[in-house]
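Asker: here's my sequence, what's the structure:
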Amino acid sequence: MAINLDSIHAGIALATLSLLLLYVLRYRNHPAEVFSPIAAWLRAFIYFGCCFLFAWLSGATEAALATPFIPAAASSSRYWLPLTAALLVFVLIAYWGIWAKWTLRFGRKLDIPAQLLFGLCWGVSYPLCFLGFWHMSANIGPQWPTWAVFLLAYSLISVWQYLWQDLYWDVYIAPEHDTAWTIKWKVPCTHIPNVTLCLIYFVVYDAYWIFIALQALALTGCSIAMRMPAPWSKEITPPAKRHPFVFGLVHGGGYVAEDPENDPHLKAIGAPY
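Answerer: Numbering: from 1, shown residues only. Here you go, the predicted model:
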């Protein structure tokens, strides 16, 4: 039986609109200085739904479904297996190792089912969004060489991720989990090489599903590492510290300790501030 993408995405659109309506009616005016797990989940899943819809409208979803998990180019490349293994090892070290080590938890509980669900939804929707940018770039320049499409897609992904993560995700969705120091080191050690290397890998091998799988592995690690509170959690979770940004906006600049030298949360991850 053929998959009816239109019907599936109509359902996703309806679910996303329903979540948006619930959020507007119940949580839109929730005080910013109090972290609400259910409000954070609603905001996140509204965005996840938008990512799925963007990937569908751009043609990324259809292209992914038409591609096998192991790309056809793998059979003619002796480098495919070692490169795939190297990327897998990199993601495990970068996200389950470095990112996790430098992540504040403030005593939040490990809740594997909720954090696994959140991480997988996060980890599938984000790469679909990235692939949507790839297809959008290819549609903008249908006659462009691959390197030009890559540069445009990479630029769009980088700008979008920077603005979205800094101005919204780390302010309104993720619980406080960083400091200025950890952000300074996490970005060049994990996020930048991850997007760069995995996108190049995708372009070379047309490896849609491995690209998605690698990002899902990375972001599931992030969800577990930062102990994303379940929607029903009653734990007191520090809200993100809002730092001034341009045009009166705020951004997620990380936790600021009153006494950095003696702060137990900073000591737990070995961060100086």
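Asker: go ahead and confirm Gln115 touches Leu219.
Answerer: No - look at Gln115 against Leu219 with CB atoms under 8 Å: they stay out of range, at 10.9 Å. (Glycine included, C-beta is placed from N, CA and C.)
Asker: give me the common contacts of these two.
Answerer: Taking CB atoms under 8 Å, 6 or more residues apart in numbering as the contact criterion, Gln115 and Leu219 have no common neighbours.
Asker: all helices for the stretch 151-273 of the chain, in order.
Answerer: Counting by DSSP state H, counting those that start in this stretch, the stretch 151-273 of the chain has helices at residues 180-186, 192-205, 208-225, 264-269.
Asker: any idea how far His251 is from Leu167?
Answerer: Plainly put, Leu167 is 5 Å away from His251 if you go by CB to CB, to the nearest Å.
Asker: quick one: which of the two has more around it?
Answerer: His251 (20 against 15; other CB atoms under 10 Å).
Asker: right, and the more buried one touches His243 too?
Answerer: Yes - using CB under 8 Å, His251 is in contact with His243, at 5.6 Å.
Asker: common neighbours of the two, please.
Answerer: The contact sets of His251 and His243 do not overlap (CB under 8 Å, 6+ apart).
Asker: count of residues packed around Phe106?
Answerer: Counted by other CB under 10 Å, the residues lying close to Phe106 total 17.
Asker: give me phi/psi at it?
Answerer: Backbone geometry at Phe106, expressed as degrees, to the nearest 10, gives phi 50, psi 40.
Asker: re the thing from before, joint contacts of Leu167 and His251?
Answerer: In contact with both Leu167 and His251: Phe245, using CB under 8 Å, 6+ apart.
Asker: which stretches of this protein have low pLDDT?
Answerer: By pLDDT under 70, the low-scoring segments of the chain are 1-3.
Asker: would you list every one of the strands in it?
Answerer: Using DSSP state E, the strands of the chain run over 242-244, 250-252.
Asker: the first one - contacts with which helices or strands?
Answerer: Packed against strand 242-244, as judged by 3 or more CB pairs under 8 Å, 6 or more residues apart in numbering; DSSP states H and E, are the following elements: strand 250-252.
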